[in-house]
Each structure stands twice: as C-alpha cells, then as structure tokens.
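Q: The amino acid sequence is not available; the structure is as follows:
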C-alpha cells in the first residue's frame, strides 16, 4: 500500500469525460494480455454510447476514487445488487483503489438490504472478484461489433 490519499465521493455528470477516457485507457493498456486488439477495439467502442453513460451517472449508485482531484477509479451499483462498472486508472493499478471502491459498494448494497452482488467480469478482473469471494456462475460470450468477447457471470452471497 502506498501513502497516496485516496478520496471516495459520489459521481457527478461533470465527471463523464474523464470517466470515459479512463475507461478506454484502462481497457487498452491493462486488458491487452487477456484480449486481442480486435476485442479491445470492440469493447472500448462502447464508450461512444453516451446515453448509456448518462443513464449510469443518473440512475446508478456511482462512486469515484480520486487522488489529488484526479479520477483514478470508479465503481457503480445498479439495482442494489449488480456491479456494472469497476475501472481503475492504468497508472494507479495495484494500489488499493479497487479494494476501497469495492468495500464501499458492498457496504452500500448491504445498507440497501441486498443479500448478494453479481457482475459480468472480464478475464482481467476475474482474480480480483475471486479474492472478494465471488464465484463464477457461467462463462459468457458477448458479441460486440461482430467480435466475440468472453467474460464471466459472477456472484457473491452475503
């Protein structure tokens, strides 16, 4: 663990552009060992769906991690039981940011009387979720722009 001061706050609409850049940069850099360039291109193309991003910002419980006012990660909770997004900045990997975000989102799910969490998890994120006690329900093949992308439906009971 480092000495960087990580602050967690609720997301605002004004965070959208920085969140989208982090999404593309992180997938492009961090997931390249688990997915082909074609798969990464198809996956990151989802950044252009502005309506989906706006819906996430306005309807989900979305937390931002910041260091020195820079967004270094975010996590979102949908319907009190589904982790929709969890991304950590490519330059801030393995510094406890995902742990801190996950802890806060699990706490919120429990506060909302949730009994489990689920998520659709990339190959890259799978070990993190397994460490948090999630189990794989099934491997999934998603088609994005005609490209197959494998991920995992995972869940954790409280």
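A: Arrived safely, thanks for sending. Since the structure is predicted, the reported quantities are computational estimates derived from the model, not experimental observations.
Q: Does anything pack onto the helix or strand containing residue 136? Which helices or strands?
A: Element membership for residue 136 (DSSP states H and E) is strand 135-144. Contact analysis of strand 135-144 by 3 or more CB pairs under 8 Å, 6 or more residues apart in numbering; DSSP states H and E lists strand 147-157 as its packing neighbours. No exception for glycine: its C-beta is placed from N, CA and C like everyone else's.
Q: Now do the strand it packs on: everything it contacts.
A: If you take CB atoms under 8 Å, 6 or more residues apart in numbering as the criterion, strand 147-157 is touched by 35, 38-39, 41-43, 115-123, 126, 129-130, 132-143.
Q: Could you list the buried residues of the lowest-mean-pLDDT helix or strand in the chain?
A: Ranking every helix and strand in the chain by mean pLDDT, DSSP states H and E puts helix 50-59 at the bottom, with a mean of 95. By neighbour count on 16 or more other CB atoms under 10 Å, the buried set for helix 50-59 is 53, 56-57.
Q: Check what pLDDT residue 1 gets.
A: We have a pLDDT of 45 for residue 1.
Q: Spatially central residue for the protein, please.
A: Centroid-nearest residue in the chain: residue 86, 1.3 Å away (criterion: CA atoms, centre = their mean).
Q: which residue ranges form the strands in this structure?
A: For the chain, strands defined by DSSP state E occupy the ranges 7-10, 61-67, 70-78, 82-88, 116-122, 135-144, 147-157.
Q: model confidence over the longest one, on average?
A: Translated: strand 147-157. When pLDDT is averaged along strand 147-157, the result is 98.
Q: Just checking: what are the partner strands of that strand?
A: With DSSP bridges as the test, strand 147-157 is paired with strand 116-122 (antiparallel), strand 135-144 (antiparallel).
Q: again with the shortest one
A: Sheet pairing for strand 7-10, assigned by DSSP bridges, gives strand 61-67 (antiparallel).
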